[in-house]
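Asker: next one to model:
(2 chains)
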Amino acid sequence: MFVALLALVGCGTPSNFDGQEKVAFARECTSLIERNLGSATPPIRQLGGATLNLDDPASLYAELERLRGPQTFSFDQSKSADRSPKDQLDIPCSPQPTRSISSATTTTTTTAPR
Amino acid sequence: MRRRWLDVAVPAALVVGTAATRLPHLATPRAFVFDEIYYAPDAASLLRFGVEQGGVVHPPGGKWAIAAGLRIFGFTPFGWRISAVVAGCAVVLLTYIAARQLVRGHLLPALAGAAVALDGVSFTTGRVAMLDVFLTVCTTAAIACTLIAMKHPENVRRARWCRWGAAVSLGLGLTVKWSAAYLLLAVVVAFLWIVAKQPRRAHHGAAVVATVATLTIVPVAIYGLAYVPWIVNADHTYQHLTDCRLQQDCSLSLVNRVRQFFEDQNRVLEFQRTSKQENNSNAAPAWQWVNQSHPTTMFKKECNEDLARAPNDLSDRACDGAGSGKVMQIVTVANPVVWFTALGAGLVLLVLAIKRRDAVLAFLLMAGVYQWVFWAVNSRHSYSFYMATLIPPFALWIVRAFSERWLRLVAPVFAVLLVVSFAFYYPIWAGRPLTPDQARARQYWLAW
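Answerer: Next up is the predicted model:
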């Protein structure tokens, strides 16, 4: 069984693996942004110069598709050799308050250093 | 007459039942749950390059197991979580096997397996792509091997095989998390007791040396073997790629690969020594596990009907079908029926172990306590999902206590409460949306 497992993981990645990973990161990023907006009153934040408003879902998801859709994630080593996959989510998926509002320190990982 | 068909039917029912409770909604949410953000991409890196690219704080064993799911089902939530479900079923099966060494019949061993299957910490860790369930498979296998050997200590041949089984299990555990070593002392002491119980021979001293050597050298050797792919593929790590870019030197000799391996181990050690996590709302000292007062919330989302309008390639579906105002959360808190019964059973076993000078009971207690005490005396903050390795020995404590004549009638009551409690807490373990009142009802009795 152990040998079968080794043989299995030794044969590389399945087809469309890169595309699936990009979609997974886009969903994670959107989820982080939705949770961030959900804790804001009113649910409005800024991201990449655009305004994200949870009360206007059509515009919100159009902006997110443009700013953080699957095609915006790249795992090309040569461009991001010193960035871990999690680094691609931390700042890019943290929308900022439209005015200065302090945020809570609640975290959803162990914040292990990369 | 011995009913042999039960030897197959009972464990099969336990495994099927465990899978049946854990597979529904496994792909929800479609976002990363807690530290899946580290381990799923790390497992993808293992598939692509044979090595995790980023700086890591745990060895690669558990991530290779996650990678197997990714290889079969792709980089999807089901793909990165399915290995945890398989491992969780194995933990239940191993607990049943271990319990068979302690008590007669099938009912109490089945109850031990069910206690693990329906516990909240086992359930939540058995459905996410994190490392604790893989560590638990290894520690539970080591406990089962030790108990099999202790049942017939005079059987030299069986003891030798079990010693190797325990050593390999601990070695595989070390390749997942260093905390597998917490169990080592209890296993070594148990096998030395077995040697002492065996018929006296001329080479008795050699048997002691062989026991200690097997249980220390084999795990370390397995740990080293697990890093062979790392050393071979070290040129794909971010550390090397950054060095390569900054220093214009991209060569990597074998000596440099081995040096980088030791630097990597040093980084892991440094993380274990300095990780205080004071600012993490989910971290808590391990002594707080005693009353389950600080569970880890692995995922939480306030539901809103507008979230359903997210396009498929952006939607995490965490709140699928839930109306506004509901809350979806995954909380790693133990099943209170299992946890508090186990604490009581532990006290019963402690009294019995002292009164009867029973080595098997002493090992059983050590197997649970050692995996808690080392965290409790460590200044490093811990998380409630670290309790995953405690649940199988706790289930064994419970059924061993129930096997005492004066406690036998408590077992059916425990079984009923176990199922009722599981049904009540299921939504916060499986991430099913609840109203705020329903969510509060599940935490009101704890300072959580």
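
Asker: list the buried ones in the longest helix along chain A?
Answerer: The longest helix of chain A (DSSP state H) is helix A:17-38. Neighbour counts using 16 or more other C-beta atoms under 10 Å in any protein chain shown place A:17, A:20-38 of helix A:17-38 among the buried residues. The C-beta positions use only the backbone N, C-alpha and C, and glycine is treated the same way.

Asker: residues making contact with the helix or strand hosting B:Leu215?
Answerer: Assigned by DSSP states H and E, B:Leu215 falls within helix B:204-226. With contact meaning C-beta atoms under 8 Å, 6 or more residues apart in numbering or on different chains, helix B:204-226 is reached by B:59-61, B:64, B:163-164, B:166-168, B:170-175, B:180, B:184, B:187-188, B:191-192, B:194-195, B:198, B:201.

Asker: are any of those residues buried, and which?
Answerer: Among the contacts of helix B:204-226, those that count as buried by neighbour count (16+ other C-beta under 10 Å) are B:59-61, B:64, B:163, B:166-168, B:170-175, B:180, B:184, B:187-188, B:191, B:194-195.

Asker: what subset of the residues you listed is also close to chain A?
Answerer: Contacts with chain A within the buried ones among the contacts of helix B:204-226, counted by C-beta under 8 Å from any C-beta of the partner chain: B:Trp64.

Asker: so of the buried ones among the contacts of helix B:204-226, which ones are in helices?
Answerer: Judged by DSSP H, helices contain the following of the buried ones among the contacts of helix B:204-226: B:61, B:64, B:163, B:166-168, B:170-174, B:184, B:187-188, B:191, B:194-195.

Asker: which stretches of chain B have low pLDDT?
Answerer: Chain B contains residues with pLDDT under 70 at B:1-2, B:201-202, B:248-249, B:276-279, B:444-448.

Asker: and the strands in it?
Answerer: Using DSSP state E, the strands found in chain B span residues B:296-302, B:327-332.

Asker: chain A: which of the ones you listed is closest?
Answerer: Closest to chain A of the strands of chain B is strand B:296-302 (C-beta to the nearest C-beta; 4.3 Å).

Asker: residues of that closest one that come out buried?
Answerer: Neighbour counts using 16+ other C-beta under 10 Å place B:296-302 of strand B:296-302 among the buried residues.

Asker: now render the residues you listed as a markdown table, adding distance to chain A.
Answerer: Output for those, formatted as a markdown table (distance: C-beta to the nearest C-beta, whole Å):
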| residue | distance to chain A |
| --- | --- |
| B:Thr296 | 9 |
| B:Thr297 | 8 |
| B:Met298 | 7 |
| B:Phe299 | 7 |
| B:Lys300 | 8 |
| B:Lys301 | 5 |
| B:Glu302 | 4 |
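
Asker: contacts for stretch B:286-300, please.
Answerer: With contacts defined as C-beta under 8 Å, 6+ apart, stretch B:286-300 is touched by A:35, A:108, B:29, B:31, B:33-34, B:124, B:128, B:282, B:284, B:318, B:327-334, B:336, B:339, B:343, B:372, B:375-376, B:378, B:382-387, B:431, B:446-448.

Asker: same check, this time on stretch B:330-339
Answerer: B:33, B:115, B:118-121, B:124-125, B:128, B:292, B:295-300, B:383-385, B:387, B:391, B:394-395, B:398, B:414, B:417-418, B:421-422, B:425, B:428-431, B:446, B:448.
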